[in-house]
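J.: Below are the sequence and a predicted model for it; my questions follow.
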Amino acid sequence: MALLIIDTETCIGCAACVAACPFGALRMENDKAVVDDKCTACGACLEVCPVEALSLPERGKGAEDISAYQGVWVWVEQFRGEACSISWEMMGQGRRIADSLGTTLTACVLGHNVEGIAQQAIYYGADRVFLVDDPSLGVYRTAPYAKQLVHLVRQYKPEIFLLGASARGRDLAGAVATEVHTGLTADCTGLDIDPETKLLRQTRPAFGGNIMATIICPNYRPQMATVRHRVFEMPEPDSSRQGQIVRVPPVMTEDQIAAKVVDFIVEEGEVNLADAKIIVSGGRGVRGPEGFKPLRELAEVLGGAVGSSRAAVDAGWIPYAHQVGQTGRTVRPDLYIACGISGAIQHLAGMGTSKVIVAINKDPEAPIFKVANYGIVGDLFQVVPALTEELRKRLRK
Ligand SMILES: Cc1cc2nc3c(=O)[nH]c(=O)nc-3n(C[C@H](O)[C@H](O)[C@H](O)COP(=O)(O)OP(=O)(O)OC[C@H]3O[C@@H](n4cnc5c(N)ncnc54)[C@H](O)[C@@H]3O)c2cc1C
């Protein structure tokens, strides 16, 4: 539904608004401005209208009392009864934000036989855990998970709700935010509380990673954000922490859930880059699928995983699961070896916080050298096998 209000009596049909709209949401019909669903309520047209025929609904009008919303929540994602590490990274941030607001941290644990995860959530900083333990929640499906969280949000009204930006987290966050009619900032790389307004400042790359945008949600609650894996440090669990576990019954029964899981098929070439301590990554400089062979050998000697730039994935040389960067995985290994990768900003967005970065590139001006701790200017097809041979000797492999 378009948000812009057009006073057709006042509109003089000058079309200034049509030219000013960055989203192409306005057109002229019978010499009057007409708006469609592409309108984002950005307000650009208001500024150019010479007769003030355009307006937007008053912000926050119609929204319920947002001061009733209190506390920080984190959804604790699990897979086959094991908590995903991204959830504990989120708990670390949730605790930090709750402390800076002087409020409580609540974890939402959904699944089957997941009581142990609820206890772990307390060790990772939760004051309270909502535990929904039921066979219908054993495998992630959007409807029962989203309905359960919507039910909890409506009943207990959290001020802030954080989820990991995993495949499941992205799916769930969108479904919940739509249902409770609030804003959602996806794929954040920074979260902070504004010292004056106490609003959540949600920072994420925008315009292809060329700028960092800080987004706020002043009029609706909860303020929802998903955060990428490995952006934040993993907190240390504290097994002496105490908290409350609140058991909640499921809101959907199995026969009400349309989607049925028939089977799980593991994708060929699946790789767990996010948890790898060492990554040897290749870019367009490897020249083809065969060019990854020396990188795989080096990774094997080091006990690491193979990553890649998007250029290599787009060329079909290696599956997407290996892609590091803004539209791939975010990684934070102890050692990242970039071979034949130029160091575009979108690639750096995914690996820039690696502890030690080694760059191998034949171009001494390649931007990757600006972020590298060690740079080797040379042909990767000579440098990588030489490194592998030497490391094999030293590591006796
Ligand atoms: C919206 C958006 C999202 C994006 N997301 C990502 C992303 O998630 N991840 C990502 O990686 N990119 C992403 N990109 C693409 C990114 O902008 C770059 O195009 C890409 O990272 C370049 O890959 P590359 O470094 O492998 O290739 P190139 O930039 O072509 O660099 C190849 C490098 O290899 C070196 N080289 C060539 N031969 C050799 C050799 N024999 N030995 C040593 N060095 C050699 C060259 O000197 C050069 O520096 C995105 C772009 C956009 C617009």
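T.: Done, it's in.

J.: Kindly report the domain assignment for the protein.
T.: Per the record, the chain has its domains at 5-55, 66-256, 278-395, by automatic domain parsing.

J.: out of these, nearest to the ligand?
T.: Comparing those against the ligand with C-beta to the nearest ligand atom, the closest turns out to be domain 278-395 (2.2 Å). Where C-beta positions appear, they are placed from N, C-alpha and C, glycine not excepted.

J.: so for the closest one, what's the average pLDDT?
T.: Averaging pLDDT along domain 278-395 gives 96.

J.: neighbouring contacts of stretch 171-191?
T.: With C-beta atoms under 8 Å, 6 or more residues apart in numbering as the test, stretch 171-191 has contacts from 75, 93, 97, 140, 142, 145-146, 149-150, 153-154, 161-163, 165, 170, 200-205, 212, 214-215, 217, 220-228, 231, 349.

J.: For that stretch, could you pull out the residues that count as buried?
T.: Residues of stretch 171-191 classed as buried by neighbour count (16 or more other C-beta atoms under 10 Å): 171-177, 180, 182-189, 191.

J.: re earlier: just the buried residues out of the contacts of stretch 171-191, in PyMOL syntax.
T.: Those of the contacts of stretch 171-191 that count as buried under 16+ other C-beta under 10 Å are selected in PyMOL with:
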select buried, resi 75+93+97+140+145+146+149+150+153+161+162+163+165+170+200+201+202+203+204+205+215+217+220+221+222+223+224+225+226+227+228+231+349
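
J.: What is the burial count for N210?
T.: N210 has 9 neighbours, counted by other C-beta atoms under 10 Å.

J.: thinking again about what came up before, counting only strands, which of the buried residues of stretch 171-191 make the cut?
T.: Using DSSP state E, L184, T185, A186, D187, C188, L191 are the members of the buried residues of stretch 171-191 that sit in strands.

J.: okay, these in a markdown table with distance to the ligand next?
T.: Converted to a markdown table, those look like this (distance: C-beta to the nearest ligand atom, whole Å):
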| residue | distance to the ligand |
| --- | --- |
| L184 | 20 |
| T185 | 17 |
| A186 | 14 |
| D187 | 11 |
| C188 | 16 |
| L191 | 21 |
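
J.: for the domains of the chain, which one sits closest to V266?
T.: Closest to V266 of those, according to C-beta to C-beta: domain 278-395, at 10.8 Å.

J.: Just the endpoints, please. Distance across the closest one?
T.: For domain 278-395, the separation between the terminal residues is 15 Å (C-alpha to C-alpha, to the nearest Å).

J.: circling back: could I get the domains of the chain in CSV, plus columns for distance to N272?
T.: Formatted as CSV, the domains of the chain follow (distance: least, C-beta to C-beta, whole Å):
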stretch, distance to N272
domain 5-55, 37
domain 66-256, 10
domain 278-395, 7
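
J.: ok, back up a step: in helices, which of the contacts of stretch 171-191 fall?
T.: If you go by DSSP state H, the contacts of stretch 171-191 have Q93, I97, T142, Y145, A146, L149, V150, V153, R154, R170, A349 in helices.

J.: Adding distance to D134, write those residues out as CSV.
T.: Shown next, in CSV, are these (distance: C-beta to C-beta, whole Å):
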residue, distance to D134
Q93, 28
I97, 29
T142, 16
Y145, 11
A146, 15
L149, 14
V150, 16
V153, 19
R154, 19
R170, 23
A349, 38
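
J.: Give me the lowest-pLDDT entry from the residues you listed.
T.: Of all these, A349 carries the smallest pLDDT score, 90.

J.: Quick one: name the residues of the stretch 101-250 of the chain near the ligand.
T.: The stretch 101-250 of the chain has residues G208 near the ligand, with proximity defined as C-beta under 6 Å from any ligand atom.

J.: Can you list the low-confidence ranges for the stretch 101-250 of the chain?
T.: By pLDDT under 70, the stretch 101-250 of the chain has no low-scoring segment.

J.: what are the ranges of the strands in it?
T.: Applying DSSP state E, counting those that start in this stretch to the stretch 101-250 of the chain gives strands spanning 105-111, 128-133, 160-164, 184-188, 190-193, 200-206, 211-215, 223-227, 244-247.

J.: Would you mind giving those strands as a markdown table with distance to V356 added?
T.: Output for the strands of the stretch 101-250 of the chain, formatted as a markdown table (distance: least, C-beta to C-beta, whole Å):
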| stretch | distance to V356 |
| --- | --- |
| strand 105-111 | 33 |
| strand 128-133 | 37 |
| strand 160-164 | 26 |
| strand 184-188 | 26 |
| strand 190-193 | 23 |
| strand 200-206 | 24 |
| strand 211-215 | 25 |
| strand 223-227 | 24 |
| strand 244-247 | 41 |
